[in-house]
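A.B. asks: Dropping the sequence and predicted coords here.
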Amino acid sequence: MLNLHKMPEFTFPENFLWGSGSAAHQIEGNNVNNQWWHMEQSGNNPSIHAPSGKACNSWQMLDDDIRLLKELGHQAYRFSVEWSRIEPRHGEYDQAALDRYIGFLQKLRANGIHTSVTLLHFTHPQWFEELGGFTKEENIRYFTGFLTFAVPQLAPYTDSWTVVNEINLGSTAFDALVKRKVLLKAFAYGSAVVKSFSAAPVSAAHALIPCYPLRVHDPLDTAAAHLNNWVTNEYFFHGVRTGEIILPQMDVEYVPELKNSCDFWAVNYYHRRKVDARKANMAADKMYFNNFRMCLDYPADREFCPEVFVDAMAKLTDKPIWITENGVCTDTDEFRTIYLMLQLEAMRTAMELYSADIRAYFHWSLLDNYEWGTYDMRFGLASVDKKTFVRTPKPSAYFYKDVIRANGMSGELFAKHTPALPHFEMMDMTQPKKQLSQETQA
Ligand code: FCB
């Protein structure tokens, strides 16, 4: 087994981009005009345990976030602009809000930080929600209208774009698949708008969730895993490669704007999914003995599998790959360092084994932020005081800082940051080869 303390040194390619990410609703606070805020206030969604409130107060503390990025040595920052701030009412634009984002971009640039802008990260204006949001294809024009207003002004200061974040999340029920299709089209038309104003690379951040059968030799589990893989991952990659949208129970559609809409694969990787054909939602119970669990301190544990990441990279060698999100929610910060080390090792392996052209890594997240219904899931490299909003980097942030500085990692670097982990030696199960003696029994 792997002994992280003894891992050989590895240097990432020159110009590899290291950074972190966030999303408007998760950090800004008081995003009162979007559908999430309304959902939080309505109190009728059981998966929302806490409202977002002031979040990390980043709307007021943009300079603090830049200072933190600098202190931690980050070279790039991925964040989202909030459509509902820029167009709070249909057709009414708030130039001051857009200017604030522009000012932030200018400051990031002035600090030598690559600016990566997400244009839609789960939240949209409440007025758009009331029109049916992304459940209706005819509503895509509202999104492209917003882009036509905002993108030309953001473009001079933006180094890369994520037009839409994670089109492929949600249930695989028919209604949810219809929404997935509308979002994919919104991405296609949206990326055409972005490309008409900007030469910076464009993509859609894809939640890469490789699906595996629970019972590997069972024909139904295997078929269900294939189906899940298609509607979760492959339909997206196939769509971007060919322009065809193929989803179950729908006629195939060809969308010319979708073909080659991504200049790079933007991969958000957290975990795999095990599929059980004998369950209504097809989600298998986890196996605990084998792989690292994503959430040590939260019941929603998921399987983080470095090997699964490596295998998935083998299918994405036709474009440069940016890891636009990867991270772990844990209150045991040492585990974040371990997790990061394993992810880096998985990236190295994919690069060596499959020549995967991985060019960037954005850790999720810079801050402990609002995790869509709770503050209990802490993904941050820095914690945020609930009252003062003061940001305090965790030890793992300094491990990551050293990785960035070295543009690589080694067992030595890992050991420096995990002095209290002698038990990790225990992971080294490889025994020296036994020399067979000549001795006989008699
Ligand atoms: C991703 C989301 C991001 C955050 C992380 C943990 O699916 O894009 O906003 O919630 O998960």
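C.D. replies: Received the coordinates, thanks.
A.B. asks: any idea of the mean pLDDT in stretch 366-379?
C.D. replies: If you average the pLDDT over stretch 366-379, you get 95.
A.B. asks: distance between that stretch and the chain's centre?
C.D. replies: 14 Å (C-alpha atoms, centre = their mean, to the nearest Å).
A.B. asks: what about that stretch and the ligand, any contact?
C.D. replies: Yes - residues of stretch 366-379 contacting the ligand under C-beta under 6 Å from any ligand atom: 371-372, 379. For the C-beta atoms, the positions are set from N, CA and C on the backbone; glycine is no exception.
A.B. asks: Can you mark which positions in that stretch are buried?
C.D. replies: 366-373, 375, 377-379 (16 or more other C-beta atoms under 10 Å).
A.B. asks: for residue 207, what are its contacts?
C.D. replies: Taking C-beta atoms under 8 Å, 6 or more residues apart in numbering, we find residue 207 in contact with 166, 168-169, 232, 268, 270.
A.B. asks: got it, and residue 191?
C.D. replies: Here residue 191 is in contact with 161, 163, 202, 204, 257, 261-262 (criterion: C-beta under 8 Å, 6+ apart).
A.B. asks: what helix or strand does it sit in?
C.D. replies: helix 174-197 (DSSP states H and E).
A.B. asks: Just checking the distance from the following helix or strand past that helix to the centre of its chain.
C.D. replies: In the C-terminal direction, the helix or strand that comes right after helix 174-197 (DSSP H and E) is strand 202-208. Averaging C-alpha positions (C-alpha atoms, centre = their mean) puts strand 202-208 8 Å from its chain's average.
A.B. asks: Equivalent analysis for stretch 388-400, please.
C.D. replies: So, by C-alpha atoms, centre = their mean, the centroid of stretch 388-400 is 20 Å from its chain's centroid.
A.B. asks: same question, stretch 214-226
C.D. replies: That offset, for stretch 214-226, works out to 27 Å (C-alpha atoms, centre = their mean).
A.B. asks: contacting residues around it?
C.D. replies: 211-213, 274-278, 282, 284.
A.B. asks: ranges for the helices of the stretch 1-150 of the chain?
C.D. replies: 24-27, 35-42, 62-71, 83-86, 95-110, 126-130, 140-154 (DSSP state H, counting those that start in this stretch).
A.B. asks: Distance-wise, check residue 104 relative to the ligand.
C.D. replies: In this view, residue 104 and the ligand are 19 Å apart by C-beta to the nearest ligand atom, to the nearest Å.
A.B. asks: correct me, but that residue touches residue 63?
C.D. replies: No - in this structure residue 104 lies outside contact range of residue 63 using C-beta atoms under 8 Å: 9.1 Å.
A.B. asks: Looking at those two, which is more packed in?
C.D. replies: Ranked by neighbour count (other C-beta atoms under 10 Å), residue 104 and residue 63 place residue 104 first, with 22 against 10.
A.B. asks: so who does the nearest residue to that one once chain neighbours are set aside touch?
C.D. replies: Spatial nearest neighbour of residue 104, chain neighbours left out: residue 62 (5.0 Å); criterion: C-beta to C-beta, 6 or more residues apart in numbering. By C-beta under 8 Å, 6+ apart, the residues touching residue 62 are 100, 103-104, 107.
A.B. asks: Tell me the confidence at residue 62?
C.D. replies: So residue 62 comes in at 97 (pLDDT).
A.B. asks: do you know how far residue 181 is from residue 231?
C.D. replies: 10 Å (C-beta to C-beta, to the nearest Å).
A.B. asks: shared neighbours, the two?
C.D. replies: Common neighbours of residue 181 and residue 231 (C-beta under 8 Å, 6+ apart) are residue 247.
A.B. asks: At the contact with the ligand, which residues of the chain appear?
C.D. replies: 23, 26, 165-166, 207, 268, 325, 364, 371-372, 379.
A.B. asks: picking that back up, okay if I get the helices of the stretch 1-150 of the chain as TSV plus distance to residue 412?
C.D. replies: Listed next are those as TSV, based on distance: least, C-beta to C-beta, whole Å:
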stretch	distance to residue 412
helix 24-27	34
helix 35-42	44
helix 62-71	23
helix 83-86	46
helix 95-110	32
helix 126-130	51
helix 140-154	42
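A.B. asks: most neighbours per residue, which of those helices?
C.D. replies: helix 24-27 (a mean of 26; mean count of other C-beta atoms under 10 Å).
A.B. asks: pLDDT on it, on average?
C.D. replies: The pLDDT scores in helix 24-27 average 98.
A.B. asks: From the contact counts, what lies against it?
C.D. replies: If you count contacts as 3 or more C-beta pairs under 8 Å, 6 or more residues apart in numbering; DSSP states H and E, helix 24-27 packs onto strand 76-80.
A.B. asks: and the strand it packs on, which strands flank it?
C.D. replies: strand 17-21 (parallel), strand 114-118 (parallel) (DSSP bridges).
A.B. asks: Keeping just the C-alphas, turn the last one into CSV.
C.D. replies: Spelled out, that is strand 114-118. Provided in CSV are the C-alpha atoms of strand 114-118 (Å, rounded to 0.1, in the frame of the first residue of the first chain):
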residue,chain,number,x,y,z
HIS,A,114,-5.4,34.4,-13.0
THR,A,115,-9.1,35.3,-13.1
SER,A,116,-11.5,32.4,-13.8
VAL,A,117,-15.1,33.5,-14.0
THR,A,118,-18.2,31.2,-13.6
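A.B. asks: low pLDDT regions in this structure?
C.D. replies: Where the chain drops to pLDDT under 70, the residues are 1-2, 287-303, 421-442.
A.B. asks: CA-only coordinates of stretch 344-353, as CSV, when you get a sec.
C.D. replies: Below are the C-alpha coordinates for stretch 344-353, written out as CSV (Å, rounded to 0.1, in the frame of the first residue of the first chain):
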residue,chain,number,x,y,z
LEU,A,344,-2.0,15.0,-6.6
GLU,A,345,-0.7,11.5,-6.8
ALA,A,346,-3.7,10.5,-8.8
MET,A,347,-3.1,13.4,-11.1
ARG,A,348,0.6,12.4,-11.5
THR,A,349,-0.5,8.9,-12.3
ALA,A,350,-3.0,9.9,-14.9
MET,A,351,-0.5,12.2,-16.5
GLU,A,352,2.2,9.5,-16.7
LEU,A,353,-0.1,6.5,-17.5
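A.B. asks: In that stretch, which residues are buried?
C.D. replies: 344-351.
A.B. asks: between the helices of the stretch 1-150 of the chain, which gets nearest to residue 13?
C.D. replies: Among the helices of the stretch 1-150 of the chain, the nearest to residue 13 by C-beta to C-beta is helix 62-71 (22.2 Å).
A.B. asks: For that closest one, list the C-alpha coordinates in CSV.
C.D. replies: C-alpha atoms of helix 62-71 as CSV (Å, rounded to 0.1, in the frame of the first residue of the first chain):
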residue,chain,number,x,y,z
LEU,A,62,-13.3,41.3,-1.4
ASP,A,63,-10.0,42.8,-0.4
ASP,A,64,-9.6,40.3,2.5
ASP,A,65,-10.1,37.4,0.0
ILE,A,66,-7.4,38.8,-2.3
ARG,A,67,-5.1,39.2,0.7
LEU,A,68,-5.7,35.6,1.7
LEU,A,69,-5.1,34.3,-1.8
LYS,A,70,-1.8,36.1,-1.9
GLU,A,71,-0.8,34.9,1.5
